[in-house]
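>>> could you look at this predicted model? Sequence included:
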Amino acid sequence: MGDERLRDIGRADLVAGATAGLVLVTAIVIAFVVGTAVVRQRAGHPVGWIFLALSALMALVGPVDAYVLNGAVARPGSLPGANALAGLSDIAFLPWLALVALVLHLTPTGRPLSPRWARVAQVTAGAGAVGFVGGIFRRGPFDPPLDQTVNPIGVAFVGPVVMVAVLTVGLGLIAAGVSMVLRFRRAEGLERRQLQWMYLAAVPLPLFVPAAFLAAYTDQSTPLMLATAGFIVLVPAAAGLAITQYHLYEVDRILSRTLTYALLTAVVAVTYVSVVTMAGRALARVDESSTPAAVVATLAAVSVFSPGRRAIQDALDRRFNRRRFDAVRVVQRRLAEPASSRPIEEVLGEALRDPSVSVSYWVEERDQWVLADGRVSEPAADAVEVRRGGAPVARIDVDGTRTDRELLEAVAATATPELDNARLRAAISLQLVEVNESRARIATAQMAERRRIERNLHDGAQQRLLAMAFQLQAAQVNGDVERLREAVAEGVEQAQAAVLELRDLANGLHPAVLSDGGLQAALEDLVERTPVPIDVRATEARFAPEVEATAWFIVCEAVTNAQKHGGASHVVVAVEENGGWLTVSVSDDGCGGANPGGQGLRGVRDRAEAAGGTLEVRSSPGSGTTVRGRLPCGR
């Protein structure tokens, strides 16, 4: 607007050149985008706010210069306060230099390189503030075309102070470049890569700053603007490149999104305006109102939004974040091949270039993490968790020295559908693992039980019967009737004892009373043989032999634990049938703390699961133990 007015009154010589305008607009846009990205991601980092301040101050220069040139040079006295703003227009560049110097001092940590460099930064910032305020009250003379303008609020002695401040800021900017060079040389690893672009922008500062001062002194506007671009454009641009390529300030994702939606907004706006114009002309004969054209334009804008966003995002990632783009593409190709037999873990390892990738899946029914083959897993505390619909799906562990977290999160978000499918397969694998382990434990328990029976037979009844046979044989050889009578009597006693031992052994395997009278009779027999008081509430109904046997072993194991380990003084046994399920519950008032994974309880759990049922153990120290089994009884 100001430039058009200058042309209208015949003072086109006062209009800034195209080069200066392009440099200034470029600097404003880059500083604003980078500053917005940093502030949104890391509001506490001072560099983001400095970039926004730099953008705002550069944007302020155009309107102020146009106002001063129109009111103080082109048509003196035509605009109120134009002469008073001459000092501001003349010194507006000084804060730019100070702010760029602060960016170099505070990148990437938000702190200067050392306390000594902190004092240099403070002096530079202070000189910039003093020079800016002093410049507002500088009387003159000013640089052309304001050389004939006198500041009505100016003070005579301020000029030398401003000159010292300008020189101090210029030297401070060069010192800030030196600070960046030293920081780059001392940095290692990721921080060194992050500072590469900033280092390249800082190296030529000792040339750009004197060149800018010389161009200003000789009134060469184009060289001045080009030299100034050496720091007001290159430093923000270097920060933007370092963000997109090496995660400087850790805000590359925000910057990418900001650029994406800025460009998308422009595309949508251009589409809307173009369609409104064309549709308005085409529909003018049908309907003179703008409503149909606006509707058509709105539909067109909506239709280009989603594909436009994807296209722009892909283009930015391909250009500025190639690794992220390639990694996401690898996963997308895998998802596009549903018949592929490659496991998702292998695909993630290829996408992230990290063969150590490990994926754990959440099985809600078991309340635990497992690997793809069903083995129990313990993900690292810093693993990236993938969620779908608010529920956990998987956790991905990687080598942190190879893969940054933002890249992993992007790949994981793309792979979420396949990870959810893999979670379901892992749950099935877990069940197969548990079945195999259960079978192995049952086989081991059966072998141990068989050896116990063999040992008991050998050490008990067999020894009694052998001793009885030897005694009878010795009496027979001796021929003494009295001794033979005594041997027969003792043999009868030994035979009865052997019968009792065999009966006890047989009852331990499968009591005869269980086969004859059912669970209720077997439990009543257990009450008579157990020293701890037991209250029994059991159904009189009969069930399949395998169901009754499983229920019996659950009760026996729970009662034995209550006596031997729990120190219980009272036990309650309840057996109920409801809806085709037989529920067996054993509760005691012992010390608690039972181990559900112990050999005994693990064994009866295997029996219950082999019968298609479940076993639950609730036990906490001091509150007793409850063992509850549910078995399908087919009634």
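Thanks, I have it. Small disclaimer: the values here were computed from a predicted structure and weren't measured.
>>> just the buried residues of the one helix or strand residue 525 maps to, please?
Assigned by DSSP states H and E, residue 525 belongs to helix 512-529. The neighbour-count check on helix 512-529 (16 or more other CB atoms under 10 Å) flags 513, 514, 517, 518, 519, 520, 521, 522, 523, 525, 526 as buried. Every residue, glycine included, has its C-beta placed from N, CA and C.
>>> relative to residue 344, how far out is the residue positioned nearest the centre of the chain?
Centroid-nearest residue in the chain, with CA atoms, centre = their mean: residue 384, separated by 4.1 Å. Distance from residue 384 to residue 344, counting by CB to CB, to the nearest Å: 14 Å.
>>> the bottom helix or strand of this structure by mean pLDDT?
Least confident element among the helices and strands of the chain, by mean pLDDT, DSSP states H and E: helix 2-8 (a mean of 44).
>>> now the element after it, going C-ward?
helix 18-41.
>>> following the chain onward from the helix or strand harbouring residue 361, which element is next?
Secondary structure assignment for residue 361, by DSSP H and E: strand 358-363. Next in sequence after strand 358-363, counting helices and strands by DSSP H and E, comes strand 368-370.
>>> list the helices and strands the next helix or strand after that following strand packs on?
Note on strand 368-370: by DSSP H and E, the next helix or strand toward the C-terminus is strand 384-388. Strand 384-388 sits against strand 391-397, helix 405-459, with contacts defined as 3 or more CB pairs under 8 Å, 6 or more residues apart in numbering; DSSP states H and E.
>>> remind me which residues of the stretch 151-300 of the chain are low pLDDT?
189-190, 216-217, 219-225, 229-231, 240-266, 268-270, 272-273, 276, 279-297 (pLDDT under 70).
>>> 90 - rerun?
151-163, 166, 170, 173-174, 176-177, 180-300 (pLDDT under 90).
>>> on that earlier part again, and the helix holding residue 525, what does it pack against?
strand 534-538, helix 545-564, strand 571-578.
>>> give me whichever of these is most buried.
helix 545-564 (a mean of 21; mean count of other CB atoms under 10 Å).
>>> dump it to PDB, restricted to CA.
In PDB, the C-alpha atoms belonging to helix 545-564 read as follows (Å, rounded to 0.1, in the frame of the first residue of the first chain):
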ATOM      1  CA  PRO A 545     -15.800 -89.900  36.700                       C
ATOM      2  CA  GLU A 546     -13.100 -87.600  35.300                       C
ATOM      3  CA  VAL A 547     -15.000 -84.500  36.600                       C
ATOM      4  CA  GLU A 548     -15.400 -86.000  40.100                       C
ATOM      5  CA  ALA A 549     -11.700 -87.000  40.100                       C
ATOM      6  CA  THR A 550     -10.500 -83.600  39.100                       C
ATOM      7  CA  ALA A 551     -12.700 -81.900  41.700                       C
ATOM      8  CA  TRP A 552     -11.500 -84.400  44.300                       C
ATOM      9  CA  PHE A 553      -7.800 -83.600  43.600                       C
ATOM     10  CA  ILE A 554      -8.500 -79.900  43.800                       C
ATOM     11  CA  VAL A 555     -10.000 -80.200  47.300                       C
ATOM     12  CA  CYS A 556      -7.300 -82.600  48.500                       C
ATOM     13  CA  GLU A 557      -4.500 -80.300  47.400                       C
ATOM     14  CA  ALA A 558      -6.100 -77.200  48.900                       C
ATOM     15  CA  VAL A 559      -6.800 -78.900  52.200                       C
ATOM     16  CA  THR A 560      -3.300 -80.300  52.300                       C
ATOM     17  CA  ASN A 561      -1.800 -76.800  51.800                       C
ATOM     18  CA  ALA A 562      -4.100 -75.400  54.400                       C
ATOM     19  CA  GLN A 563      -2.800 -77.900  57.000                       C
ATOM     20  CA  LYS A 564       0.900 -78.100  56.100                       C
END
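>>> between that helix and helix 512-529, how many degrees?
Relative orientation of helix 545-564 versus helix 512-529 (axes from the mean of the first three to the mean of the last three CA atoms, to 10 degrees): 20 degrees.
>>> which stretch in the helices and strands packed on strand 384-388 is the model least sure about?
Among those, helix 405-459 carries the lowest mean pLDDT, a mean of 74.
>>> which of the three states applies to residue 618?
strand (DSSP: H, G, I helix; E, B strand; the rest coil).
>>> gap between the two ends of stretch 586-599?
The straight-line separation of the ends of stretch 586-599 (CA to CA, to the nearest Å) is 18 Å.
>>> average pLDDT for it?
Mean per-residue pLDDT for stretch 586-599: 85.
>>> and that stretch, how far out from the chain middle?
39 Å (CA atoms, centre = their mean, to the nearest Å).
>>> try stretch 176-190
That offset, for stretch 176-190, works out to 31 Å (CA atoms, centre = their mean).
>>> what residues sit buried inside it?
So for stretch 176-190, counting by 16+ other CB under 10 Å, buried means 176, 177, 178, 179, 180, 181, 183, 184, 187.
>>> and the fourth one, how far from residue 201?
Okay, so that is residue 179. With CB to CB as the criterion, residue 179 and residue 201 are 13 Å apart.
>>> now swap in the first one and tell me
Residue 176 sits 11 Å away from residue 201 when distances are taken as CB to CB.
>>> low-confidence stretches in the stretch 1-150 of the chain?
Checking the stretch 1-150 of the chain against pLDDT under 90 turns up 1-48, 50-51, 54-97, 100, 103-111, 113, 131-150.
>>> where exactly do the helices run in it?
2-8, 18-41, 46-68, 86-91, 94-106, 115-136 (DSSP state H, counting those that start in this stretch).
>>> most tightly surrounded among these?
Highest mean neighbour count among those (mean count of other CB under 10 Å): helix 94-106, a mean of 25.
>>> ok, which of the helices and strands packed on helix 512-529 comes nearest residue 310?
For residue 310, the closest of the helices and strands packed on helix 512-529 is strand 571-578, at 56.3 Å, according to CB to CB.
>>> so what touches that closest one?
519-520, 523, 532-539, 541, 543, 551, 555, 559, 562, 582-589, 633, 635 (CB atoms under 8 Å, 6 or more residues apart in numbering).
>>> now that strand against helix 545-564, angle please.
Using the same axes, to 10 degrees: strand 571-578 against helix 545-564 is 160 degrees.
>>> strand 571-578 pairs with which strands, and in what direction?
Sheet pairing for strand 571-578, assigned by DSSP bridges, gives strand 534-538 (parallel), strand 581-588 (antiparallel).
>>> tell me which of the ones you listed approaches residue 352 most closely.
strand 581-588 (47.9 Å).
>>> the next helix-or-strand element following the closest one: how far from the chain's middle?
Sequence-wise, the next helix or strand downstream of strand 581-588 (DSSP H and E) is helix 599-610. Put simply, helix 599-610 sits 39 Å off its chain's centre (CA atoms, centre = their mean).
>>> and helix 599-610, what's buried?
600, 601, 602, 603, 604, 605, 606, 607, 608, 609.
>>> which two in those are spaced the farthest apart?
600 and 609 (15.2 Å).
>>> low-confidence ranges, the stretch 451-600 of the chain, go.
451-534, 538-569, 578-580, 590-600.
>>> what is the neighbour count of residue 204?
Counted by other CB atoms under 10 Å, the residues lying close to residue 204 total 14.
>>> on that earlier part again, if we compare the helices of the stretch 1-150 of the chain, which one ends up closest to residue 491?
Taking these one by one with CB to CB, helix 18-41 is closest: 94.5 Å.
>>> elements contacting the closest one?
Using 3+ CB pairs under 8 Å, 6+ apart, helix 18-41 sits against helix 46-68, helix 221-232, helix 234-246, helix 252-282.
>>> distance of residue 538 from residue 84?
103 Å.
>>> and for residue 513?
Taking CB to CB, one finds residue 513 at 113 Å from residue 84.
>>> and if you look at residue 185?
As defined by CB to CB, residue 185 lies at a distance of 48 Å from residue 84.
>>> then residue 23?
28 Å.
>>> residues contacting residue 100?
54, 173, 176, 231, 232, 235.
>>> from residue 25, how far off is the fifth one?
Pointing back at residue 232 there. According to CB to CB, residue 232 and residue 25 sit 12 Å apart.
>>> residue 87 and residue 164, how far apart?
16 Å.
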